[in-house]
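Asks: Below are the sequence and a predicted model; questions follow.
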Amino acid sequence: MNFEQARANMVEQQIRTWDVLDQAVLDSVSAIPRDEFVPDAYRTLAYSDFEIPLGYGEKMMMPKVEARLLQSLNLVSSDRVLEVGTGSGYLTALLAHQCAHVLTVEFRPGLLELAQQKLDRRGYGNILFEHGDGIDGWQPNEPYEAIVLTGSVATPRKAIERQLTIGGRLFLVIGESPAMEARLITRVGESEFRSETLFETDIAPLIGGEAAPQFKF
């Protein structure tokens, strides 16, 4: 399979057509081989409009969602980014391609180890890997210019919002399946935040992000 041609087709047919026009984002997506981050059994589907299973009940976001996410953050080269949910490591690579430093936190050690191996092979020197639960942030390295939650949450996460710098941006998907919204939260003051709805989607929840069970009497 010609992966380079498949990557070019993905950019033109999936990503551009989903209103991703930021050239820095398109350059990052074009430069990083997504096929190197998917499980071997799914390599031929690496550039498809499809949520690829990673094991452990986890899936990669669709390429167009990853690209819209990246565009919404509007990263600059000096930014420090917190990624909650390393997953395959592909989005980690996209973030690291555009900013100064990425701290990525993964709850599942098996996924973290695989992602770190792949990213180390590609020579990234601006990524710090942490094993743990980052759903409410990662205080030792705060504040951050940008934060990404790679799984959905049922309710707002106020603690992680407070780890943004003034002007910092948080991308998250909020709600319950099948009706979820991708939002961008911007910290505009010490205690002021602005929320913008970006698009509708439906992705698996982060561990700890699920809705509380409804008790019936």
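Replies: Cool, got the structure.
Asks: Looking at the most centrally placed residue in the chain now. What's its pLDDT?
Replies: Nearest to the geometric centre of the chain sits Thr150, at 4.2 Å (C-alpha atoms, centre = their mean). At Thr150, the pLDDT value in this model is 96.
Asks: likewise Phe217?
Replies: The model's pLDDT for Phe217 equals 52.
Asks: ranges for the strands of the chain?
Replies: 53-55, 58-59, 80-84, 101-106, 127-131, 144-153, 164-176, 179-187, 193-201 (DSSP state E).
Asks: Tabulate these in TSV, adding columns for distance to Thr44.
Replies: (Glycine included, C-beta is placed from N, CA and C.) Listed next are the strands of the chain as TSV, based on distance: least, C-beta to C-beta, whole Å:
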stretch	distance to Thr44
strand 53-55	14
strand 58-59	17
strand 80-84	27
strand 101-106	26
strand 127-131	27
strand 144-153	23
strand 164-176	27
strand 179-187	28
strand 193-201	24
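Asks: Which one of those strands lies nearest to Arg16?
Replies: Set against Arg16 and scored by C-beta to C-beta, those come closest in strand 193-201, at 15.3 Å.
Asks: Please report how far the closest residue to Val76 other than its chain neighbours lies from Leu112.
Replies: Closest residue in space to Val76, ignoring its immediate chain neighbours: Cys99 at 7.3 Å, by C-beta to C-beta, 6 or more residues apart in numbering. According to C-beta to C-beta, to the nearest Å, Cys99 and Leu112 sit 20 Å apart.
Asks: and what of Gln98?
Replies: Gln98 is 22 Å from Leu112, by C-beta to C-beta.
Asks: Now for Asp202: which residues touch it?
Replies: Listed by C-beta atoms under 8 Å, 6 or more residues apart in numbering, the contact set of Asp202 reads 152, 177-180.
Asks: go on, Gln98?
Replies: 24-25, 28, 70, 75-77, 79.
Asks: now do Glu83
Replies: So, once contact is read as C-beta under 8 Å, 6+ apart, Glu83 ends up touching 91-92, 95, 102-105, 147-148, 150.
Asks: One more pass at 7 Å, please.
Replies: By C-beta atoms under 7 Å, 6 or more residues apart in numbering, the residues touching Glu83 are 91-92, 95, 102, 104, 148, 150.
Asks: What separation is there between it and Pro140?
Replies: For Glu83, the distance to Pro140 - C-beta to C-beta - is 15 Å.
Asks: swap in Asp22?
Replies: Distance from Asp22 to Pro140, by C-beta to C-beta: 31 Å.
Asks: These two: which has the busier surroundings?
Replies: Asp22 (17 against 7; other C-beta atoms under 10 Å).
Asks: Distance across stretch 101-112, terminal residue to terminal residue?
Replies: 17 Å (C-alpha to C-alpha, to the nearest Å).
Asks: How about stretch 10-27?
Replies: 13 Å.
Asks: Next, the buried residues of that stretch.
Replies: 10-11, 14-15, 18, 20, 22, 25-26 (16 or more other C-beta atoms under 10 Å).
Asks: Okay then, goodbye and thanks.
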